[in-house]
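Peer 1: What follows is a predicted protein model with its sequence.
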Amino acid sequence: MRTSLPLTFLLLAACASPGKPGVDPEWNEVQRHRLERLHQQRRVADAVVALLGRAPRDLSLVPQDPKPATAGRERHIDQILPAVAGAGPRRFRTARQPLTVQLGVGGGDVMVRSKNSLLDDRAGAAFVRAAVDTGHGVGVDAELWSSDDDLFEGVRINDGVAPRAADATLLGLDVFPHLRFDVAQRGAFSMPVRVGLFANWQTLDHETALVEREWLSLGPRLVLEPTLRVLGEAGGDRLDLVGRVGGDVGPAWFAEQYRGGDDYDVTSTWTGELGASLRGSLGRWQAELGYGLQHRTFGATDTDLFGEHSRTELQRQRAFLGVGVQF
């Protein structure tokens, strides 16, 4: 009984198995096609063309290779361009943005006003500007200024020991690294936007009294430059009317040094800026003539010599002429 049971299973399995391939004509035909495909010569170019032929695309768009493969030298698969325009290998780098370097000089005045003090005056000043612009990308603006030395002429201040003449010079430096991009561009109008961080340093040097006061501020800044093309064409020789509206906010550090001591305080600062200019481009060269006003306000400070003030304002306005070159 035990011996006959395995023999029964083997007999049933033999009955269920298919017949030999040589017996079935259809099976022989399938095997023949498989063997032909296995032993035929393989060409990568033919495989690519066959693959593109199965895709729902117009093969007439396939670009022609000016140097077709010669006998015995077939093109590599990554040397064959696809059938769809805009697909396939792309350049590693896009078109290079133009780099523009600008230098400018200007003249105007500065104003210093501190509430509840005798420091409230305005004096002439000279300005120097520099800028590096990469179009839609990273840029840096910097400005340096120095006032005449007759600021607060006729006023006397305490130098820490005795009253002295308050005649002073205001020096300043503003640096604005930023990113530039356009938020609107319709015909002759565009709206470049500059967003970044500013660093502003200003020092009031009372040379006769040997008293020096400094303000250092940092923070985010936003500048809008509505631009209207008056003459010329985009990307060529042109004349633009450019506006400038901006503002910033951030912390500020105040320090003073005087005869026999020094003191420090921390406060806040905020700024508003307005300006307008005519900017002309001719080939690689650029020229700009304009006007700008910036008004910076510092919050309350309380130090030993300067005293307690709820607000200090530093303002500068200037007309400027700048020249730039594009690389």
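Peer 2: Yes, it's here.
Peer 1: Residue 277 reaches residue 286, doesn't it?
Peer 2: No - counting by Cβ atoms under 8 Å, residue 277 stays clear of residue 286, with 11.4 Å between them. (C-beta placed from N, C-alpha, C; glycine too.)
Peer 1: What ranges does the protein have for its helices?
Peer 2: Taking DSSP state H, the helices of the chain run over residues 4-16, 25-39, 44-54.
Peer 1: Just grab the bridge partners of residue 157 for me.
Peer 2: Beta bridges link residue 157 to residue 164, judged by DSSP bridges.
Peer 1: Next up, the contacts around it.
Peer 2: Contacts for residue 157 (Cβ atoms under 8 Å, 6 or more residues apart in numbering) come out as 118, 119, 163, 164, 166, 206, 209, 211.
Peer 1: Okay, it and residue 32: tell me how far apart.
Peer 2: Per Cβ to Cβ, to the nearest Å, residue 157 is found 109 Å from residue 32.
Peer 1: now do residue 294
Peer 2: 88 Å.
Peer 1: These two: which is more packed in?
Peer 2: Between residue 294 and residue 32, counted using other Cβ atoms under 10 Å, residue 294 has the larger neighbour count: 21 against 10.
Peer 1: Just give me the neighbour total for the residue nearest to the more buried one when sequence neighbours are not counted.
Peer 2: The shortest distance from residue 294 to any non-neighbouring residue, by Cβ to Cβ, 6 or more residues apart in numbering, is to residue 273 (4.6 Å). Applying other Cβ under 10 Å, we find 17 residues neighbouring residue 273.
Peer 1: Check which residues of stretch 281-300 are buried.
Peer 2: 281, 286, 287, 288, 290, 292, 294, 296, 297, 298, 299 (16 or more other Cβ atoms under 10 Å).
Peer 1: Contact partners for the nearest residue to the first one once chain neighbours are set aside?
Peer 2: Using Cβ to Cβ, 6+ apart and skipping the chain neighbours, the partner closest in space to residue 281 is residue 238 (5.2 Å). With contacts defined as Cβ under 8 Å, 6+ apart, residue 238 is in contact with 229, 230, 231, 232, 280, 281.
Peer 1: Verify the contact between the last one and residue 237 for me.
Peer 2: Yes - judged on Cβ under 8 Å, residue 281 makes contact with residue 237 at a distance of 6.1 Å.
Peer 1: Okay, and the beta partners of the residue nearest to residue 230 when sequence neighbours are not counted?
Peer 2: Sequence neighbours aside, residue 239 is the residue nearest to residue 230 in space, at 4.8 Å (criterion: Cβ to Cβ, 6+ apart). Residue 239 has the following beta-bridge partners by DSSP bridges: residue 231, residue 280.
Peer 1: so how far is residue 281 from residue 239?
Peer 2: As judged by Cβ to Cβ, residue 239 and residue 281 stand 8 Å apart.
Peer 1: next one: residue 260
Peer 2: Counting by Cβ to Cβ, the gap from residue 260 to residue 281 is 56 Å.
Peer 1: Residue 235 now?
Peer 2: 9 Å.
Peer 1: Which residue ranges make up each domain of this protein?
Peer 2: In terms of domains, the chain is parsed into 21-90, 100-326 (source: automatic domain parsing).
Peer 1: By mean pLDDT, show me the worst of those domains.
Peer 2: Sorting those by mean pLDDT places domain 21-90 lowest, at a mean of 64.
Peer 1: Enumerate every residue touching the residue minimising distance to the centre of the chain.
Peer 2: The residue lying closest to the centre of the chain (Cα atoms, centre = their mean) is residue 179, at 2.5 Å. Residue 179 makes contact with 137, 138, 139, 194, 195, 196, according to Cβ under 8 Å, 6+ apart.
Peer 1: what's around the residue nearest to residue 243 when sequence neighbours are not counted, how many residues?
Peer 2: Sequence neighbours aside, residue 226 is the residue nearest to residue 243 in space, at 4.5 Å (criterion: Cβ to Cβ, 6+ apart). Number of residues near residue 226 (other Cβ under 10 Å) recorded here: 15.
Peer 1: Residue 226 touches residue 186, doesn't it?
Peer 2: No - counting by Cβ under 8 Å, residue 226 stays clear of residue 186, with 11.6 Å between them.
Peer 1: The residue nearest to residue 230 touches residue 227, doesn't it?
Peer 2: No - look at residue 239 against residue 227 with Cβ under 8 Å: they stay out of range, at 11.0 Å.
Peer 1: who has more neighbours, those two?
Peer 2: Under the criterion of other Cβ under 10 Å, the comparison of residue 239 against residue 227 puts residue 227 first, with 19 against 15.
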